[in-house]
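S.K.: Model the structure of this input:
(2 chains)
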Amino acid sequence: MQPFTTHTGIAAPLLVDDMNTDQIAPFLPSRSLKDDYKVMLFHRQRFREDGSEIPDFVLNKPQFRSAGILVTGNNFGAGSSRESAVWSMLANNIRVIIAKSFADIYRENCLQNGLLPIVLDAAAADAFIARVVSVDGTAPFTVDLVAQRITGPGGSDVSFEIPAADRTRLLESLDDIGMTMKHIEEIVSFEKQAAVAQPWLQQAVDRRR
Amino acid sequence: MPRTLFDKIWDSHRVGQRADGRDLLYIDRHVLHELHAHHAFAQLEKQGRPVRRADLTFAVQDHTVATKPGRDETTNPTGTAFIKAMREGCRKNGIRLFDVDDREQGICHVVAPEVGLVLPGATHAVPDSHASTVGGLGALAFGCGTTELAHILATQVIAMKRPKRMRVRLDGALGAHVSAKDIALRLIAELGVAGARGFAVEYTGSAIAAMPIEQRMTLCNLNIEMGGRSGFVAPDDKTFAWLEGRPYVPQGAMWDRALAHWRTLASDEGAEFDREVTLDCAELEPQITWGTDPSQVVGISGKVPDVGAIDSNRRAAAESAFAYMGLSPGTALAGLPVHRVFIGSCTNSRLPDLEVAATIVKGRRVADGVFAMVVPGSSSVKREAEAAGLDRIFRDAGFFWGEAGCSMCAGGNGDRGEPGERIVSTTNRNFENRQGPKVRTHLASPATAAASAIAGRIADVRQLAGLT
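M.R.: Next up, the predicted model:
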């Protein structure tokens, strides 16, 4: 995973709530072990059945084709736990999503992959969305995770909050398993204790075999 | 201090706290499926990390397997590579696999409880958002992503922030042909698709006490559709009776010891919840979705709502749903012609679901022009249904009777509808394009789905002649 410090890109407004992962990363008939995540992103919003583009979809508009930041509403990433809904963002160089809120599993998946999920409160989010709409892709925004600040055209800097630990994890690109392995002795001692306290949990045996 | 059941399970599984503030929660049972397993195996192999507790890890082929009678791993060509990759990963790592041809293969959330891998007070993780289905047996289950899946394989713990606690109290005796599916849809309608976000939800009340285990699983299955992190029901005598004798459930002295512990698994009197919700289920009629998210729900005698009746910040979504679903405000749901009916999925594919549907279907015919499918949740369910003659009832009525798997729920195995088709489906998500491009999905109970297949239209099962 790539460390995240700053990211500069065109901000695209996706003006919906509850965007679900079935829309972000649909199952495609072409599915394979090595999926094309670039093509997968919002596939059915971006393309018709015959493969032609749907021009109205925000990421198909000329000014947002290379967007690097997505700005959206409440509960982004609802539904399925599929991580392809994050990988497909990264495959399109979208490394920041600014939303009013995120679905729980989706937010965790973002943090696992170096995609910065920014939550703005409703008023700040509405103001920022209006600004992004008015800038209309004419100039990029920069998101600085060190300074916890969004800078760009059409207004003053916007600061954002993120739990310190999540920020560190993104900045340092911390290895999730590595972080937990520091606690391996606690895990081993938990297992020993559990084998005595609730032994049926520490063994899973098919009695017929 | 009085504690909730959630707190008891969480605290007894908390291994420690990581530098980033997340609790490390021990996972007693970890169940994989083929859609995500290969990524995790590849990731671990690249890092040279072993699977820490293969003996507590299980794998089930479900999302991509074909349902066609006589199927094998090649019947759905896009699934073959996924199936083989998980098989290979399980072989290398010594993980018990419920393979395509296993007697007990099926949907992971159906198979795990059925074989006794789910125990009250245990923690579960599955790389699938419907993991909390097994909460119906009093287990605390979490859906996770692929990287988290690799993390659990390597460490046997999940790193999580402690969720908040919600209690949903469901009271009242259910009316005829009303089931857990209807309760869940009504709850999601009331709370919204993000209403339980950040919460572990305990379902309780007289309706729960009266509810069979399979329906409790249906209810807990749909917990994620209101955004819940986990959902469960405290175990009771019904739970213990349901579990006893299943292959992976402890026996003899160990059973007695476990049972004594399980009887302590309840929220203490006076325990505090961060949020409490109640729903009176006595007046509930069968429910059905009209839109493109699971909160867009009306009673079966209801109509597509007028824009004015919809919360202002939900109006844009509603208008988009009207267009996608080909419906106008004021249209009655009952009577809309349907093209397809699907009975199956981790939500509603257990034996009692099929029994309910068969009772309605028996001696009747699927309406002309309707393609109706029943896909049992597991090969065991299928066998039991066949032993009871249910397959005959469905096939005589003109239903397709399939092999077990996730099937049309998300169409990952190639089972899907045609553009523009209207489907009554017992699944969990009515999202755009989920059951096929431009397919219009109405979520409902097995009873409503069966009645609609017979009528050829969305039907109020209570009005189907000859049913008592």
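
S.K.: Am I right that B:His124 is in a strand?
M.R.: Yes. Counting by DSSP: H, G, I helix; E, B strand; the rest coil, B:His124 is located in a strand.

S.K.: What separation is there between A:Trp200 and B:Leu117?
M.R.: 12 Å (Cβ to Cβ, to the nearest Å). Heads up, the C-betas are built off the backbone N, CA and C, glycines and all.

S.K.: more neighbours, the two?
M.R.: Using other Cβ atoms under 10 Å in any protein chain shown as the criterion, A:Trp200 and B:Leu117 rank with B:Leu117 on top: 27 against 24.

S.K.: so who does residue 15 touch?
M.R.: Using chain A. When contacts are counted by Cβ atoms under 8 Å, 6 or more residues apart in numbering or on different chains, A:Leu15 touches A:Thr72, A:Gly73, A:Ile129, A:Val133, B:Ala316.

S.K.: wrong one, chain B
M.R.: Here B:Val15 is in contact with A:His183, A:Glu186, A:Ile187, A:Phe190, B:Asp23, B:Leu24, B:Leu25, B:Tyr26, B:Val157 (Cβ under 8 Å, 6+ apart).

S.K.: And the strand or helix carrying it, how far out from the chain middle?
M.R.: Secondary-structure assignment from DSSP states H and E places B:Val15 in strand B:14-17. With Cα atoms, centre = their mean, to the nearest Å as the basis, strand B:14-17 stands 29 Å off its chain's centre.

S.K.: List the buried residues in the next helix or strand after that strand.
M.R.: Next helix or strand after strand B:14-17 toward the C-terminus (DSSP H and E): strand B:23-26. By neighbour count on 16 or more other Cβ atoms under 10 Å in any protein chain shown, the buried set for strand B:23-26 is B:Asp23, B:Leu24, B:Leu25, B:Tyr26.

S.K.: what are the pairing partners of strand B:23-26, and which direction each?
M.R.: strand B:14-17 (antiparallel), strand B:157-160 (antiparallel) (DSSP bridges).

S.K.: Can you tell me which of those is packed in deepest?
M.R.: Comparing the strands paired with strand B:23-26 by mean neighbour count (mean count of other Cβ atoms under 10 Å in any protein chain shown), strand B:157-160 comes out on top with a mean of 24.

S.K.: contacting residues around it?
M.R.: Against strand B:157-160 from outside (Cβ under 8 Å, 6+ apart): A:176, A:179-180, A:183, A:187, B:15, B:18, B:20, B:22-27, B:125, B:142, B:144, B:148, B:151-152.

S.K.: hmm, back to that, kindly state which of the strands paired with strand B:23-26 is positioned closest to B:Thr426.
M.R.: Closest of the strands paired with strand B:23-26 to B:Thr426 is strand B:157-160, at 29.8 Å (criterion: Cβ to Cβ).

S.K.: Nearest to chain A within the stretch 351-468 of chain B, name that residue for me.
M.R.: Going by Cβ to the nearest Cβ, chain A is nearest to B:Phe431 of the stretch 351-468 of chain B, at 4.3 Å.

S.K.: Chain neighbours aside, what residue packs nearest to that residue?
M.R.: In this structure, B:Phe431 finds its nearest non-sequential neighbour in A:Asp22, 4.3 Å apart by Cβ to Cβ, 6 or more residues apart in numbering or on different chains.

S.K.: isn't there a helix covering the one you found?
M.R.: Yes. Counting by three-state DSSP, A:Asp22 is found in a helix.

S.K.: Contacts only, for it.
M.R.: So A:Asp22 contacts A:Gly79, A:Ser80, B:Ala410, B:Arg429, B:Phe431, B:Glu432, B:Asn433, B:Arg434 (Cβ under 8 Å, 6+ apart).

S.K.: now do B:Met166
M.R.: B:Ala196, B:Phe199, B:Ala200, B:Val201, B:Glu202, B:Gly228, B:Phe273, B:Asp274, B:Arg275, B:Glu276, B:Val277.

S.K.: Can you tell me the SS state at it?
M.R.: B:Met166 - assigned by three-state DSSP - is strand.

S.K.: what about it, distance to B:Glu269?
M.R.: For B:Met166, the distance to B:Glu269 - Cβ to Cβ - is 18 Å.

S.K.: now B:Gln215
M.R.: B:Gln215 is 26 Å from B:Glu269, by Cβ to Cβ.

S.K.: between the contacts of A:Asp22, which is closest to B:Val381?
M.R.: For those, the nearest to B:Val381 is B:Ala410 (19.2 Å; Cβ to Cβ).

S.K.: Just the pLDDT at the closest one, thanks.
M.R.: Per-residue confidence at B:Ala410 stands at 94 (pLDDT).

S.K.: Isn't it up against B:Asn430?
M.R.: No. Checked against Cβ atoms under 8 Å, the pair B:Ala410 and B:Asn430 is beyond contact range at 11.8 Å.

S.K.: For these two, work out which one has more neighbours and name it.
M.R.: B:Asn430 (29 against 24).

S.K.: now that one, nearest residue through space, not along the chain?
M.R.: Nearest to B:Asn430 is B:Thr441, by Cβ to Cβ, 6+ apart, at 4.1 Å.

S.K.: any idea which helix or strand carries the residue of chain A found nearest chain B?
M.R.: Chain B sits closest to A:Ala165 of chain A, with a gap of 3.4 Å, by Cβ to the nearest Cβ. Using DSSP H and E, A:Ala165 sits in helix A:164-172.

S.K.: again, but for A:Val196
M.R.: Applying DSSP H and E, one finds A:Val196 within helix A:184-197.

S.K.: Which neighbouring elements make contact with that helix?
M.R.: strand B:14-17, strand B:23-26 (3 or more Cβ pairs under 8 Å, 6 or more residues apart in numbering or on different chains; DSSP states H and E).

S.K.: list the buried ones in that helix?
M.R.: Using 16+ other Cβ under 10 Å as the test for burial, helix A:184-197 gives A:Glu186, A:Ile187, A:Phe190, A:Glu191, A:Ala194.

S.K.: for the fourth one, what are its contacts?
M.R.: Going back to what we said before, that points to A:Glu191. Per Cβ under 8 Å, 6+ apart, neighbours of A:Glu191: A:Gln202, B:Tyr26, B:Gln156.
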